[in-house]
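Need a 3D model of the sequence below.
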Amino acid sequence: MLNDSIKYIRSKVTSQPTVGIVLGSGLGDFGEQVVDPVIINTRDVPNYPVSTVHGHSGKLIFGTIRDDKRCSAQLLVFQGRVHFYESNSLERVIYPIDVANALGVTTLLITNAAGGINRLFQPGDLMLIRDYINLTYENPLIGRGIRAGERMAGCFHEGLLKDALTAAKELHIPVQEGVYCWTKGPTYETASEIRMMQRLGADAVGMSTVPEVMTAAHFGMKVLGISCITNMATGITGQRLSHDEVTETANMAKAHFTSLVREIVLGLR
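Numbers count the residues shown, from 1 in each chain. This next block holds a predicted model:
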């Protein structure tokens, strides 16, 4: 399956990407930053999973990002992702990471829209992910030759995290840091579940990212995670949640998100 996908992609693209960027809900417009892009619709790629969620257009974008003095490494931008709740298949969720690895990606920037649990957060905040809580207890590495009890220390790369904090400071973009909690979805969490997550130490909650991060770390990729806090989680404010609110707030945070990710990518070597 994977070989057929890679064969098709390489028939369309000659570049050798080393940096991958996964764009979450409402954050897909970052793909417009890519210069002289080669764009592949994921529907055309053999065996590639197709997203069914609004705000995930389903494109692979190859190219670079440039400013007056710098040019990034070769990029592979995933404009949209597949969530676990769409298919109940972890293999489909992590397939893009398998593709990235097969194409030579060694650094992964993974982003998402998340609900804020930390009461100091506000919608529109960007949170650099320091760690995660896997409340699904699903593991995409089962069957991939991992010994029982084996754990990759530090799935998120400390050097990339420091670089992201430096970039945010230089751009005068306020950022949060915290722990991301993964749930299966597709429904939002109850207020009682959010209180439980608070006690466990979670700062934000969402329905993606963790299986991709686990897989990327398994491959030895350096990983940086960024959450856009698009709403406060159930019970924090008393407001009713909706996916439209998620995409609307992500659009409002787009300028800061774009500037920060651009600077991070341009600084990668």
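
Strands of this structure, start to end?
Taking DSSP state E, the strands of the chain run over residues 19-23, 35-41, 59-64, 75-79, 107-116, 126-134, 175-182, 204-206, 222-232.

Tabulate the ones you listed (CSV), appending mean pLDDT and mean neighbour count.
To be clear about C-beta, it is placed using only N, CA and C from the backbone, and glycine gets the same treatment. Supplementary listing: the strands of the chain in CSV, determined by pLDDT from 0 to 100; neighbours: other Cβ atoms under 10 Å:
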stretch, mean pLDDT, mean neighbour count
strand 19-23, 97, 26
strand 35-41, 95, 14
strand 59-64, 96, 22
strand 75-79, 96, 26
strand 107-116, 95, 26
strand 126-134, 97, 19
strand 175-182, 98, 22
strand 204-206, 97, 26
strand 222-232, 93, 25
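
Save these as a markdown table, and put in distance to Met197 too.
As requested, the strands of the chain are exported to a markdown table (distance: least, Cβ to Cβ, whole Å):
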| stretch | distance to Met197 |
| --- | --- |
| strand 19-23 | 23 |
| strand 35-41 | 36 |
| strand 59-64 | 33 |
| strand 75-79 | 27 |
| strand 107-116 | 10 |
| strand 126-134 | 7 |
| strand 175-182 | 5 |
| strand 204-206 | 6 |
| strand 222-232 | 13 |
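
Of all those strands, which one comes closest to Gly159?
Nearest to Gly159 among the strands of the chain is strand 222-232 (7.3 Å), distances taken as Cβ to Cβ.

Parallel or antiparallel, list what pairs with the closest one.
With DSSP bridges as the test, strand 222-232 is paired with strand 107-116 (parallel), strand 126-134 (antiparallel).

how about low-confidence regions in the stretch 51-200 of the chain?
Flagging of the stretch 51-200 of the chain using pLDDT under 70 yields the residue ranges 54-56, 148-154.

What's the local residue count around Glu201?
Glu isn't right for residue 201; it's Gly. 13 (other Cβ atoms under 10 Å).

Please disregard the earlier target; I meant Leu200.
Neighbours of Leu200 (other Cβ under 10 Å): 12.

need the contact list for it.
With Cβ atoms under 8 Å, 6 or more residues apart in numbering as the criterion, the residues that contact Leu200 are 133, 181.

Would you check how far apart it and Arg10 are?
Separation of Leu200 from Arg10 (Cβ to Cβ, to the nearest Å) stands at 43 Å.

can you count the residues close to Arg66?
15.

From Ser72, how far off is it?
Separation of Arg66 from Ser72 (Cβ to Cβ): 7 Å.

what do you get for Thr52?
Thr52 is 31 Å from Ser72, by Cβ to Cβ.
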